[in-house]
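*Asks:* Sequence plus the predicted model coming up.
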Amino acid sequence: NAGVTQTPKFQVLKTGQSMTLQCAQDMNHEYMSWYRQDPGMGLRLIHYSVGAGITDQGEVPNGYNVSRSTTEDFPLRLLSAAPSQTSVYFCASSYAGASYNEQFFGPGTRLTVL
Amino acid sequence: AQTVTQSQPEMSVQEAETVTLSCTYDTSESDYYLFWYKQPPSRQMILVIRQEAYKQQNATENRFSVNFQKAAKSFSLKISDSQLGDAAMYFCAYRRRGSARQLTFGSGTQLTVLP
């Protein structure tokens, strides 16, 4: 199993550009989430999904869109990038079964918005 | 809303010594999970240890153990026999039982291990 994969690993955007961060998992996990990590603030939840076709907002959803058309993929879209979105982005997934199941994290995408 | 606080931005420990990282949290829930994650320079998030709130016994994983004080809402991590490979950022995290795995993280503690 590849686990949770994220592409790209690094990205530089100009203000106003749009892009999609890709996240895929091959473990047939129902739950998937996106977090952003900023210096001194830990990870904060952007959006999450409990299954294909179902998404919901987390703590910091503004400026981001998500969709979940398949179990495997959970892309994060930045419609009009802003410097405040410069961050490291992590995707995570887990089983919906027993509540103690841990989350598996991807390797992260470092995004810089100029 | 729940919050997680790590009041030690940086800590250091001598190799082979013991260090304790502090974490406090605030929640109105009675059933939840607490976690410690390790993030080395590679950025990978690695689960170190997990505590279920309804269990009174403190969790232990090899050299890592926790001191869980539910009434005080405190959840500290003790690393015994510290090794150079333990150097990393450590995050404390909370999750409500029954949630869709959404985690609330603290701001992290950067641990340096001195040879």
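*Replies:* Looks like it arrived, so ask away. Please read these numbers as outputs of a predicted model, since none were measured by experiment. Residues are numbered from 1 along each chain as shown, chains lettered A, B, ... in the order given.
*Asks:* Which residues belonging to the strand of greatest length in chain A are considered buried?
*Replies:* Longest strand in chain A by number of residues (criterion: DSSP state E): strand A:42-51. Neighbour counts over strand A:42-51 (16 or more other CB atoms under 10 Å in any protein chain shown) mark A:42, A:43, A:44, A:45, A:46, A:47, A:48, A:49, A:50 as buried. Placement of C-beta: from N, CA and C, glycine included.
*Asks:* so which of these are also by chain B?
*Replies:* Counting by CB under 8 Å from any CB of the partner chain, A:42, A:43, A:44, A:45, A:48, A:50 from those sit close to chain B.
*Asks:* gap between residue A:91 and chain B?
*Replies:* 11 Å (CB to the nearest CB, to the nearest Å).
*Asks:* What of residue A:1?
*Replies:* Distance of residue A:1 to chain B, computed by CB to the nearest CB: 16 Å.
*Asks:* quick one: that residue and residue A:28 touch, right?
*Replies:* No: counting by CB atoms under 8 Å, residue A:1 does not reach residue A:28; the two are 9.9 Å apart.
*Asks:* so what pLDDT did the residue positioned nearest the centre of chain B get?
*Replies:* What sits nearest the mean C-alpha location of chain B, by CA atoms, centre = their mean, is residue B:36, with 3.1 Å. Looking at residue B:36, its pLDDT stands at 97.
*Asks:* List of residues touching the helix or strand harbouring it?
*Replies:* Element membership of residue B:36, judged by DSSP states H and E, is strand B:32-39. Under the criterion CB atoms under 8 Å, 6 or more residues apart in numbering or on different chains, residues A:99-100, A:102, B:21, B:23, B:25, B:45-53, B:64, B:66, B:68, B:75, B:77, B:86, B:88-97, B:103, B:105, B:108 lie in contact with strand B:32-39.
*Asks:* Of the residues you listed, select the buried ones using a ChimeraX command.
*Replies:* Entered in ChimeraX, the line below selects the buried ones among the contacts of strand B:32-39, by 16+ other CB under 10 Å:
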select /A:99 /B:21,23,25,45,48,49,50,51,52,53,64,66,68,75,77,86,88,89,90,91,92,93,94,95,96,103,105,108
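*Asks:* Can you tell me which of the contacts of strand B:32-39 end up in strands?
*Replies:* B:21, B:25, B:46-52, B:64, B:66, B:68, B:75, B:77, B:88-96, B:105.
*Asks:* near chain A, from these?
*Replies:* By CB under 8 Å from any CB, the members of these lying near chain A are B:47, B:50, B:52, B:91, B:93, B:105.
*Asks:* which SSE is the most centrally placed residue in chain A in?
*Replies:* Among the residues of chain A, the smallest C-alpha distance to the mean C-alpha position (CA atoms, centre = their mean) belongs to residue A:34, namely 2.9 Å. Per DSSP H and E, residue A:34 falls inside strand A:31-38.
*Asks:* Can you list the strands that that strand pairs with?
*Replies:* strand A:42-51 (antiparallel), strand A:87-94 (antiparallel) (DSSP bridges).
*Asks:* Can you show me the CA trace of the strand holding residue B:36 as CSV?
*Replies:* Output of strand B:32-39 as CSV, limited to C-alpha atoms (Å, rounded to 0.1, in the frame of the first residue of the first chain):
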residue,chain,number,x,y,z
TYR,B,32,-12.8,11.6,24.0
TYR,B,33,-9.3,10.6,22.9
LEU,B,34,-5.9,12.3,23.4
PHE,B,35,-2.9,11.8,21.3
TRP,B,36,0.8,12.7,21.1
TYR,B,37,2.1,13.1,17.5
LYS,B,38,5.8,13.4,16.6
GLN,B,39,6.9,15.5,13.6
